[in-house]
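Peer 1: Here is a sequence with its predicted model. Questions after.
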Amino acid sequence: MIFTDDTEETLRAAVWLVNSAEDPDTLTSLSDEAAFLGQFGYTGRIDRDEAELAGLRAIRPQLRTMLLAPRDDMAAAVNEALAGVSLAPRLARHGAVDWHLHAVADDHPLPERVIVETAMALIDVIRAEEGSRISVCADDTCEALALDLSRNRSKRYCSTVCANRNAVAAYRARRAEA
């Protein structure tokens, strides 16, 4: 494990949100939001309404900028995100999730908590100098983010779809040369 469980889960959630903006957009309905919440298990205030969905959709560009920023710019983006909210850090444990840090009160709107939790996770990324683990997919036709949490830093694609497409293209190119 490179980061703590909660940092890795928060990074996965942020990358999922950013990638949901890629064509076709996969965060357009309340059922899409429910799928996101089912996968990432945010706790606290969850309204499950159109305003919250719009808020999640609206933060995707900010998340993308934060996640892809060079280290010093990432630190500035984290500072800016944290300066804009009233922080109330505390340790929390719920469900199957062991002790971890919540930085804001549970009654804050979900999009705000996502930004703050992502900023907190990026603190770990910055301190460990591991920003290179977040990149744009290596597929030339894709702009989604790839999150590499592997030990050997081998993940280059956002999904198996992009990885398989490139593997098939490389195979066909080799066959054509033979």
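Peer 2: Received the coordinates, thanks.
Peer 1: Please count neighbours and contacts with C-alpha atoms only from this point.
Peer 2: Fine.
Peer 1: got the contact list for the worst-scoring helix or strand of the chain on mean pLDDT?
Peer 2: Ranking every helix and strand in the chain by mean pLDDT, DSSP states H and E puts helix 160-177 at the bottom, with a mean of 86. Where contact means C-alpha atoms under 8 Å, 6 or more residues apart in numbering, the residues beyond helix 160-177 that reach it are 139, 142, 156-157.
Peer 1: now do 6 Å
Peer 2: Here helix 160-177 makes contact (C-alpha atoms under 6 Å, 6 or more residues apart in numbering) with Tyr157.
Peer 1: List the buried residues in that helix.
Peer 2: Buried residues in helix 160-177, counted by 16 or more other C-alpha atoms under 10 Å: 162-163, 166.
Peer 1: Same question for stretch 131-146.
Peer 2: Neighbour-count burial for stretch 131-146 flags 131, 133-139, 143-146 (criterion: 16+ other C-alpha under 10 Å).
Peer 1: Counting only strands, which of these make the cut?
Peer 2: By the criterion of DSSP state E, membership of the buried residues of stretch 131-146 in strands covers 134-136, 145-146.
Peer 1: could I get those residues as CSV with pLDDT and distance to His108?
Peer 2: Shown next, in CSV, are these (pLDDT from 0 to 100; distance: C-alpha to C-alpha, whole Å):
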residue, pLDDT, distance to His108
Ile134, 98, 27
Ser135, 97, 29
Val136, 98, 30
Leu145, 98, 27
Ala146, 98, 29
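Peer 1: where does the chain dip in pLDDT?
Peer 2: Along the chain, the parts satisfying pLDDT under 70 run over 1.
Peer 1: which residues in it form strands?
Peer 2: Secondary structure of the chain (DSSP E): strands located at 90-94, 97-102, 134-136, 145-147.
Peer 1: any idea which of the ones you listed is most buried?
Peer 2: Neighbour counts (mean count of other C-alpha atoms under 10 Å) averaged over each of these peak at strand 145-147, with a mean of 24.
Peer 1: Alright, I will stop here.
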